[in-house]
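Student: what follows is a predicted protein model with its sequence.
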Amino acid sequence: MSMRRLLSAIGPCLLALALLSPGKAAASAEAEVRYSKAQTFSSALRYLRVDLGYTVTEKDADAAYLMFEFPRSDQKKLTMGTIEIIENSQSQVVKIVVHLAELPEYRERLLADGLLAKLRQELGEPPPPKSAPEDKPKAPPSDGKPGDDKKGKPAAPSE
């Protein structure tokens, strides 16, 4: 593939990335919770719409993300924000990632902390982590001698 073809193929993607990237370093606030992905998504949606009165511009419950308009401190300009909810079935936690374009990380942390408080308020304390299934010790195999039952234990004496 020639360099010209390669640039024509990826050029629009690079341009979109450059235009959509914030001027400041992209940071985000993350938190982990033991609520389900569905519970976390529903609470995040209510937190943004009802509690904060923000306009949610895009949402997808299956992909578990929300895009919303976030008022800047000067209240004259809006910036875009996202909340992503990522399920990790192996560690039994859900990760929440909050990103606010063009704003410092402490604003993202404040929003994430508010969502964590909303989750505790609505759902109570998260359930404890599920323990891994324990291996039960196996009974020794029966040696087939009379007096042994089928589970390898001596039969109870008969009267």
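Tutor: Thanks, I have it.
Student: Ile96 contacts Ser43, correct?
Tutor: No: assessed by Cβ atoms under 8 Å, Ile96 is found out of contact with Ser43, at 10.0 Å. Bear in mind the C-beta positions are built from the backbone N, C-alpha and C, glycine included.
Student: so what sits against both of the two?
Tutor: Residues touching both Ile96 and Ser43 (Cβ atoms under 8 Å, 6 or more residues apart in numbering) are Leu115.
Student: of these two, which one has the most company?
Tutor: Ile96 (25 against 22; other Cβ atoms under 10 Å).
Student: ok, now which ones touch that one?
Tutor: By Cβ under 8 Å, 6+ apart, Ile96 lies in contact with 30-33, 40, 44, 83-86, 112, 115-116.
Student: among the residues you listed, name the buried ones.
Tutor: Buried subset of these (neighbour count, 16 or more other Cβ atoms under 10 Å): Ala31, Val33, Thr40, Ala44, Ile83, Glu84, Ile85, Ala112, Leu115, Leu116.
Student: quick check: the farthest pair among those?
Tutor: Farthest apart among the buried ones among the contacts of Ile96 by Cβ to Cβ are Glu84 and Leu116. That separation is 15.0 Å.
Student: any idea which helix or strand comes after the lengthiest strand in the chain?
Tutor: Secondary structure of the chain read by DSSP state E shows that its longest strand is strand 78-88. For strand 78-88, the succeeding helix or strand toward the C-terminus, using DSSP states H and E, is strand 93-100.
Student: that following strand pairs with which strands, parallel or anti?
Tutor: strand 29-33 (antiparallel), strand 78-88 (antiparallel) (DSSP bridges).
Student: of all those strands, which lies closest to Phe68?
Tutor: Counting by Cβ to Cβ, Phe68 lies closest to strand 78-88 out of these; the figure is 5.1 Å.
Student: thought Cys45 was touching Lys59?
Tutor: Just to correct that, residue 45 is Leu rather than Cys. Yes: in this structure Leu45 lies within contact range of Lys59 using Cβ under 8 Å: 6.5 Å.
Student: now the common contact residues for these two.
Tutor: Contacts common to Leu45 and Lys59, judged by Cβ under 8 Å, 6+ apart, are Leu66.
Student: check contacts around Ile83.
Tutor: So Ile83 contacts Ala44, Leu48, Tyr65, Leu66, Phe68, Ile96, Val97, Val98, His99, Leu115 (Cβ under 8 Å, 6+ apart).
Student: end to end, how far does stretch 91-104 reach?
Tutor: 30 Å (Cα to Cα, to the nearest Å).
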